[in-house]
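Asker: For reference, the sequence and a predicted model appear below.
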Amino acid sequence: EDQVTQSPEALRLQEGESSSLNCSYTVSGLRGLFWYRQDPGKGPEFLFTLYSAGEEKEKERLKATLTKKESFLHITAPKPEDSATYLCAASSGTYKYIFGTGTRLKVLA
Amino acid sequence: NAGVMQNPRHLVRRRGQEARLRCSPMKGHSHVYWYRQLPEEGLKFMVYLQKENIIDESGMPKERFSAEFPKEGPSILRIQQVVRGDSAAYFCASSTFGQDTDTQYFGPGTRLTVL
């Protein structure tokens, strides 16, 4: 069964303390790996799409990487406004995204 | 605002009533997906529609739930005779081509509370 697992479930960082979020996937034939940010009471906001192992994408303090088994979202020198739940999703031959349950990130000033 | 729009943002219904959730896709997008998010759970796929066609409703409960995307107007997710277990956040997403490599863009969601 296709599955996406995110870790840790929750993460507290001091402002400026870099870290990484993990997204492990077991899908038959990955076609796309997607990262979203979700703030409380809002919809998922698109961050990155990765298509093949070795691919990397960056946006401000965020960098997403992809291997054959997992994806990482690296957060460099985070700020309090980076606090949110980060979701990853995988597609494998269909348009149905398979979502993980997310990592709740809290960045303390 | 060229993003995905959903309304209402919050909906309260009593058990047995009907709930209608609307979604207008991003400009230029003709593929609409509905997902449901329960507390502490990930988003779960419900249904995929194109204009006037239901492509895949495999994630939608067989009874009480229906969806449509008419030629004119928004996509509608309809829940008849709501029960407490239907309380959740319902998100609509849209994409350009409907392919498995497409990026889906999400709306702000409708939070349904069943009393």
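Answerer: It's in. Numbers count the residues shown, from 1 in each chain, chains lettered A, B, ... in the order given.
Asker: Who are the contact partners of the residue nearest in space to the middle of chain B?
Answerer: Centroid check for chain B by CA atoms, centre = their mean gives residue B:34 as the closest residue, at 3.5 Å. Residue B:34 makes contact with B:23, B:45-47, B:49, B:60, B:67, B:75, B:77, B:90-93 under the criterion CB atoms under 8 Å, 6 or more residues apart in numbering or on different chains. For every residue, glycine as well, the C-beta is placed using N, CA and C.
Asker: rerun that using 6 Å as the cut-off
Answerer: Applying CB atoms under 6 Å, 6 or more residues apart in numbering or on different chains to residue B:34 gives the contacts B:46-47, B:77, B:92.
Asker: out of the residues you listed, who's nearest chain A?
Answerer: residue B:92 (8.5 Å; CB to the nearest CB).
Asker: The closest one: what's its closest spatial neighbour, skipping adjacent residues?
Answerer: Spatial nearest neighbour of residue B:92, chain neighbours left out: residue B:23 (3.4 Å); criterion: CB to CB, 6 or more residues apart in numbering or on different chains.
Asker: If you tally nearby residues, what's the number for the one you found?
Answerer: Using other CB atoms under 10 Å in any protein chain shown, residue B:23 is surrounded by 26 other residues.
Asker: Could you do residue A:60 as well?
Answerer: Neighbourhood size, residue A:60 [other CB under 10 Å]: 9.
Asker: Mind pulling the model confidence for it?
Answerer: With respect to pLDDT, residue A:60 scores 95.
Asker: Please apply the same query to the one 5 residues further on.
Answerer: The predicted structure scores residue A:65 at 98 on the pLDDT scale.
Asker: Determine the set of other helices and strands touching the host helix or strand of it.
Answerer: Using DSSP states H and E, residue A:65 falls within strand A:62-66. Judged by 3 or more CB pairs under 6 Å, 6 or more residues apart in numbering or on different chains; DSSP states H and E, the packing partners of strand A:62-66 are strand A:45-50, strand A:70-75.
Asker: surely the residue nearest to residue B:92 meets residue B:6?
Answerer: Yes - using CB atoms under 6 Å, residue B:23 makes contact with residue B:6 at a distance of 5.2 Å.
Asker: what do the two both touch?
Answerer: residue B:92.
Asker: one step back: now the residue nearest to the centre of chain B: how far from chain A?
Answerer: Separation of residue B:34 from chain A (CB to the nearest CB, to the nearest Å): 11 Å.
Asker: Ok, residue B:18 next?
Answerer: Separation of residue B:18 from chain A (CB to the nearest CB): 23 Å.
Asker: ok, that residue - how many residues close by?
Answerer: Neighbourhood size, residue B:18 [other CB under 10 Å]: 11.
Asker: so what's it closest to, chain neighbours aside?
Answerer: residue B:80 (5.2 Å).
Asker: How many residues are close by residue B:38?
Answerer: Residues lying near residue B:38 (other CB under 10 Å) number 12.
Asker: Now do the contacts for it.
Answerer: residue B:88.
Asker: One more pass at 8 Å, please.
Answerer: B:44, B:88.
Asker: For it, give me the pLDDT.
Answerer: At residue B:38, the pLDDT recorded in the model is 90.
Asker: Would you list the phi and psi of it?
Answerer: Phi and psi for residue B:38, reported as degrees, to the nearest 10, are phi -90, psi 150.
Asker: re the thing from before, looking at the contacts of residue B:34, which has the most residues close by?
Answerer: residue B:92 (30 neighbours).
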